[in-house]
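[1] sequence and predicted structure below; questions after.
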Amino acid sequence: MRRESFRLFSLLLPAGIFFLAFFLLPLTRLFFIGGSGAEGFAAYAAIVTDRNYFASLVSTLGLAMATTVATLIVSGLSGVFLQRRKFPGNGLLVAMLTLPLAFPGVVIGFMVIMLAGRQGLIGDVTQFLTGEKLVFAYSMAGLFMGYVYFSIPRTILTVMAAAEKLDPKLEEAARSLGAPTWRVVLDVIIPGLKPAFISAGAICFATAVGAFGTAFTLATRINVLPMVIYTEFTLQANMAMAAALSFVLGAVTWVVLALARTAAGSSVAAAG
Amino acid sequence: MTQATKPLAIRLRNCAKTFADGTRALQPLDLDIGAGETVVFLGPSGCGKTTTLRIIAGLERPDAGGSVLFDGEDVTALPIEARHVGMVFQSYALFPNMSVAENIGYGLRIRRLTRSEIAARVGEMLAMMRIEALADRRVDQLSGGQRQRVALARALAVRPRALLLDEPLTALDAKLRDSLRLEIDGLLRRLGITAVYVTHDQAEAMALGDRIVVMDHGRVAQVGRPREIYQRPATRFVADFIGTMNRLSGRIEQGRFVTAAGALAWPEAPADAREALFRPEDVAIDDGANPPLRGTVAAAFFLGDRTRLFVDVGGERPLVIETEARRDFARGQAIGLRVDSRGLMAL
């Protein structure tokens, strides 16, 4: 019995050391740095009490949420379509949709500027059509566009893999019972894709919360938490506040992901 | 329980199916299925039986020129959701995100019945399939047999005009298959519903079908009552596919069929018969001094209630015969045989 537990302990040891060295220790250190500033551990309360910080937390989470929803709608529709309809160029299109994975956030920010910036394509077209230049690259709208763009490849492959596993007989059974197409989508396809939506959506959400490069390229004025942390850290040299904000950002994301995983767990268990 | 709608007569006219890649799954087919009749499509995989069922269901459109008529009305262009037919699949196809009762009530919810009407009908279906205890179970907690009962209840709950079953028993083990087959048979008789049943299992087809449509390579090989199909197969394919068929080659000489192993009396033989076909049960062991056929036992299998013998008579394949269980046979033993002349066929 003792030998057995010793064996298990030694098997767990490498993973345990790794976890300790690269997760627990830095996080603990970060937590204490967060409390080392002038106002002590009250810095953690600042994210709620300071109107500026709180606004950026809300807008960060809102942006991540909107990005996740938009991405899931786009990749849900196109993922199922690309899985079902095989046409010449299908493989090429899928490969192109996954291309943004290869770009760092800075490049994506640059692309958003080229599209919706002051010299951008959308600006030129709208000036030609209406006489007024439409420019939204340097705002939340531009950031949203960039985030959706780089989130799609992260979700579409998961959705396609799940769509492949959908049983066409389930859809036929629903139709035989009189279900019109929208009911089939609602009652069969979306429940079937739900686990994929949750896991892909979680990754999408976490990436959007933490993304920095795109926001940094577009404008320093955009009020999202990673930008605020960067400003506190480099420009204000307020190490403690930056640490506290980082810790909170991580904790909030972790809670959202844990909730999503719980929901996914119950839906996976409910699936046949 | 009574069926609200009156049974449906289905008529297929010139229904062919060519798939996008050019393969012809079904040659032009004409078939009338009477109101309340159970028709079984039987054949090996790829013979076109499932394609035919899917054309009736509305899941496939026949090639141009083909039409499907329900009680005389052309429904060729109607999709399945507008045809009001019940379907049962080999893979059950139950909705995994719904309980048993929710599955059964699904079609009723689509039809916007009131909550109490749905509850009453679902209860009726659960009782009919004797699965009341499972009402609140999740689908993944059910055995295969229970799942297929739920699928039947779900298909019948909406009181469809016809019930279409695509190999519903194939995924079940042998014992369960037999008991559920009996149950389906009883159900179809009791409801008087028009049913189309697809299977590759001839025992299922024999037991369930008012008529059997034997299919091969996209063509109808024979349509008939089970007895006709078994006793008077129209083609060699049907003869071989249904049951076991023995073959002896020889020729007619002076009213008798002469083979390498002996001669058989065959009053109704066609003059140009080159081969005699007969079922194992039409062969008997003849211990007399002058049996019509002589052979040696190639193999003997004791099956409990009978013994199956393979008897070498000098032909390409040994004859298969069935005999009483009590007698013991040794490999290589010489035996005499006679064949009931009423069982002889030429094809």
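    Perfect, thanks for sending it. Numbering: from 1, shown residues only, chains lettered A, B, ... in the order given.
[2] now do the helices in chain A.
    Taking DSSP state H, the helices of chain A run over residues A:2-19, A:25-34, A:43-49, A:51-84, A:90-97, A:105-116, A:121-130, A:140-165, A:168-176, A:181-184, A:190-210, A:213-218, A:225-230, A:239-270.
[3] ok, now which ones touch the residue in the stretch 51-200 of chain A that chain B sits nearest to?
    In the stretch 51-200 of chain A, the residue found nearest to chain B is A:Leu177; the distance is 3.4 Å by Cβ to the nearest Cβ. Placement of C-beta: from N, CA and C, glycine included. Applying Cβ atoms under 8 Å, 6 or more residues apart in numbering or on different chains, we find A:Leu177 in contact with B:Glu81, B:Tyr106, B:Gly107, B:Ile110, B:Arg154, B:Ala155, B:Val158.
[4] was I right to think the third one contacts B:Val158?
    Looking back up the chat, that one is B:Gly107. Yes: applying Cβ atoms under 8 Å, one finds B:Gly107 in contact with B:Val158, separated by 3.8 Å.
[5] quick check: neighbours shared by those two?
    Shared contacts of B:Gly107 and B:Val158, defined by Cβ under 8 Å, 6+ apart, comprise A:Leu177, A:Gly178.
[6] okay, now the domains of the chain?
    Reading this off chain A. If you go by automatic domain parsing, the domain ranges for chain A are A:1-34, A:49-270.
[7] oops, chain B please
    According to automatic domain parsing, the domains of chain B span B:10-241, B:246-343.
[8] specify the local secondary structure of the residue with the largest distance to the centre of chain B.
    What lies farthest from the middle of chain B is B:Ala289; by Cα atoms, centre = their mean that is 42.7 Å. Per DSSP: H, G, I helix; E, B strand; the rest coil, the secondary structure class of B:Ala289 is coil.
[9] show me the contacts for B:Leu165.
    Going by Cβ under 8 Å, 6+ apart, B:Leu165 touches B:Met87, B:Val88, B:Ile184, B:Ala195, B:Val196, B:Tyr197, B:Val198.
[10] just list whatever residues bridge to the first one.
    If I follow you right, that is B:Met87. B:Leu164 (DSSP bridges).
[11] ok, back up a step: burial-wise, tell me which of the domains of chain A comes out on top.
    Mean neighbour count (mean count of other Cβ atoms under 10 Å in any protein chain shown) peaks for domain A:49-270 among these, with a mean of 18.
[12] that one - what's its average pLDDT?
    Average pLDDT, domain A:49-270: 87.
[13] and that domain, how far out from the chain middle?
    Its chain's C-alpha centre and that of domain A:49-270 lie 5 Å apart, by Cα atoms, centre = their mean, to the nearest Å.
[14] again with stretch B:89-107
    The answer for stretch B:89-107 is 26 Å, by Cα atoms, centre = their mean.
[15] next, the distance between the ends of that stretch.
    With Cα to Cα, to the nearest Å as the measure, stretch B:89-107 spans 16 Å from end to end.
[16] of all the contacts of A:Leu177, which comes closest to chain A?
    B:Gly107 (3.4 Å).
[17] what about the helices in the stretch 101-250 of chain B?
    For the stretch 101-250 of chain B, the helices defined by DSSP state H, counting those that start in this stretch cover B:115-128, B:144-157, B:174-191, B:202-208, B:226-231, B:236-241.
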